[in-house]
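Peer 1: how does the following fold in three dimensions:
(one chain, ligands or ions: 2)
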Amino acid sequence: MESQPHVALISSPGMGHLFPSLELATRLSMRHHLSVTVFIVPSRSSSAEYKVIAAAQAAGLFTVIELPPADMSDVTDSTVVGRLSITMRRHVPALRSAVSALTSLPSVLIADIFATESFAVADEFHMAKYVFVASNAWFFALTIYVPVLDKQINGQYVDQKEPFHIPGCEPVRPCDVMDPLLDRTEPQYFEYVRIGTEIPSSDGVLVNTWDDLEGRTLASFRDWNLLGRIMKSPVYSIGPIVRQTGGKKGGASELFNWLSKQPGESVIYVSFGSGGTLSSEQMTEVAHGLEMSGQRFVWVVRAPKVRSDATFFTTGDGTEDQSEAKFLPDGFLERTSEVGFVVSMWADQTAVLGSPAVGGFFTHGGWNSALEGITNGVPMVVWPLYAEQRMNATMLAEEVRVAVRPKELPTKAVIGREEIAAMVRKIMAEEDEEGKAIRAKAKELQRSAEKSTAEGGSSFENFARVVKLWRENR
Ligand code: UDP
Ligand code: UDP
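Peer 2: Numbering: from 1, shown residues only. Ligands and ions are numbered 1, 2, ... in the order given. Got it, this is the predicted structure:
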């Protein structure tokens, strides 16, 4: 039998990057029968991450190579994008050595958006260069348009009053622009401009979205008069790519036992992603809000603090010493013991969302979480914190209408318990037109997502198209 093309992926640190890269590798290996090697730059700061990497290695569907740590001891930049960029830059030599040590050279390198400097290695070894955007097309459009905006605007984005116009796309409100782009005095701003400049030099881009969800934005990449002038190589929408639950994950743990006893779609799952934390004051309001909503809930609780950048890379899985009771209002756990389940630090999110008892998702709106909510057909309360989450929230709550969001940004104000309770009730229980419409739309979007990745669907076909190209050109 003819040997299969060999495709390599490189993933930057953070669960929001690692999970989708591993899932993409799984699809390339299982559905498309390619030989796959994943290079991982781990954060080495969390037992959840360690377990995920070990599980991928043990599954044996593809080769997983952890790159040796680069020395970061002299790095003073404490911003997220700044540190991520430096981390990935310093791993390029390790990637080069690891690639040259492979017995069969890959013909394709797929990098996530923070790993585009590894294209230098792809060039040396004559590999085709692809970018995997583990986010949506709208955010990707902004990313490649940033170098243009950088030339257009004088001063800071933060001074801007009018929405940013990106050709062919929904305008982006200044308040939705992610923090790294707001301050031109920070090195991370220029890292972002560099990323936006480097991505179009690739041979193609894979985006974790689908045509039905973002048709207009995706069309703008194909139109020379719109974004096609910048993004000359093809953009393939291949999503939603989300982890498969597979039923047995989570097993007979206490949480899943509890969930199995709850009525269908009666529980709201509350989680702020792998890096999200709330202030102490905000946590109190969320606790009272959940209680006042009268709805059942599962809440992944972390110590209250405003995230420092070091903790961006730090995720836990419950083995850390975190006694959640001390972060919660007095008596909360006792009063809600019948209707609520509090998990410390980390839950098996796709398994929780896949439980028939779960009927809503209170999320920070990281794109992986958003897709996990959508593919499980649950309406959402979206609570954006960092990165591109404000754009995700706008898309989910104002355009697609599968979510509600607080009136103010949770990073700008403390959201009160009444508003929280009302949002939870709206998506879980409210029998008014709006509540019903949001729940119906969530089911509709789930079907649309399923259709796109099923045989003959747009993402299925796009994926097959790019794999065919790799087979022909290896
Ligand atoms: N996740 C999880 N359990 C948790 C928190 C997060 O399994 O307690 C997973 C979640 O399912 C998602 C990823 O971690 O796949 C987080 O990615 P996302 O893009 O939602 O947000 P980020 O953490 O990058 O902000
Ligand atoms: N933030 C928060 N909880 C978190 C992460 C961030 O409340 O878990 C807030 C943080 O205080 C800041 C905003 O979110 O006001 C943006 O954070 P940052 O600039 O660190 O994120 P970025 O947008 O650079 O990813």
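Peer 1: CA only for contacts and neighbour counts going forward, please
Peer 2: Noted.
Peer 1: for the stretch 101-250 of the chain, what spans make up the strands?
Peer 2: For the stretch 101-250 of the chain, the strands defined by DSSP state E, counting those that start in this stretch cover 108-112, 128-133, 204-207, 235-237.
Peer 1: in the protein, what helix or strand scores lowest on average pLDDT?
Peer 2: Among the helices and strands of the chain, helix 309-312 carries the lowest confidence by mean pLDDT, DSSP states H and E, at a mean of 41.
Peer 1: on that earlier part again, distance to ligand 2 added to the strands of the stretch 101-250 of the chain, as a markdown table?
Peer 2: Formatted as a markdown table, the strands of the stretch 101-250 of the chain follow (distance: least, CA to the nearest ligand atom, whole Å):
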| stretch | distance to ligand 2 |
| --- | --- |
| strand 108-112 | 16 |
| strand 128-133 | 16 |
| strand 204-207 | 20 |
| strand 235-237 | 24 |
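Peer 1: in a markdown table: those strands, plus mean neighbour count.
Peer 2: Putting the strands of the stretch 101-250 of the chain into a markdown table (neighbours: other CA atoms under 10 Å) gives the following:
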| stretch | mean neighbour count |
| --- | --- |
| strand 108-112 | 26 |
| strand 128-133 | 25 |
| strand 204-207 | 24 |
| strand 235-237 | 25 |
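Peer 1: Serialize those to a markdown table and add fields for mean pLDDT and distance to A54.
Peer 2: Formatted as a markdown table, the strands of the stretch 101-250 of the chain follow (pLDDT from 0 to 100; distance: least, CA to CA, whole Å):
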| stretch | mean pLDDT | distance to A54 |
| --- | --- | --- |
| strand 108-112 | 98 | 21 |
| strand 128-133 | 98 | 23 |
| strand 204-207 | 98 | 26 |
| strand 235-237 | 98 | 29 |
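Peer 1: looking at the ones you listed, which is nearest to ligand 1?
Peer 2: For these, proximity to ligand 1 was assessed by CA to the nearest ligand atom; strand 128-133 is nearest, at 11.3 Å.
Peer 1: can you tell me the strand partners of that closest one and which way each runs?
Peer 2: Strand pairing for strand 128-133, determined by DSSP bridges: strand 108-112 (parallel), strand 204-207 (parallel).
Peer 1: mind saving the C-alpha coords of the longest one as PDB?
Peer 2: As requested, the backbone C-alpha atoms of strand 108-112 are provided in PDB (Å, rounded to 0.1, in the frame of the first residue of the first chain):
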ATOM      1  CA  VAL A 108       3.000  19.800   5.600                       C
ATOM      2  CA  LEU A 109       3.500  21.900   8.700                       C
ATOM      3  CA  ILE A 110       0.300  23.200  10.400                       C
ATOM      4  CA  ALA A 111       1.000  25.900  13.000                       C
ATOM      5  CA  ASP A 112      -1.500  27.700  15.300                       C
END
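Peer 1: that one and ligand 1 in contact?
Peer 2: No - Strand 108-112 stays out of contact with ligand 1 when judged by CA under 6 Å from any ligand atom, the minimum separation being 12.9 Å.
Peer 1: ok, and what's touching that strand?
Peer 2: Residues external to strand 108-112 that are found in contact with it (CA atoms under 8 Å, 6 or more residues apart in numbering): 6-12, 17, 21, 118-119, 122, 127-134, 470.
Peer 1: what helix or strand is L333 located in?
Peer 2: In this structure, L333 sits in helix 332-335 according to DSSP states H and E.
Peer 1: buried residues, that helix. List them.
Peer 2: Across helix 332-335, burial judged by 16 or more other CA atoms under 10 Å covers L333.
Peer 1: I'd like to know how many residues surround E338.
Peer 2: E338 sits with 11 neighbouring residues when counted by other CA atoms under 10 Å.
Peer 1: same question, K232
Peer 2: 17.
Peer 1: hang on, it packs against P200?
Peer 2: Yes - under the criterion of CA atoms under 8 Å, K232 makes contact with P200 at 6.8 Å.
Peer 1: residues in the protein within reach of ligand 2, list them.
Peer 2: 80, 178-180, 275-278, 306-307, 385-387, 411.
Peer 1: which one of those residues is nearest T217?
Peer 2: For those, the residue nearest T217 by CA to CA is M178; the value is 18.7 Å.
Peer 1: if I pick that closest one, what's in contact with it?
Peer 2: Residues counted as contacts of M178 (CA under 8 Å, 6+ apart) are Y386, A387, E388, Q389, R390.
Peer 1: got phi/psi on it?
Peer 2: When read as degrees, to the nearest 10, the backbone of M178 gives phi -70, psi 150.
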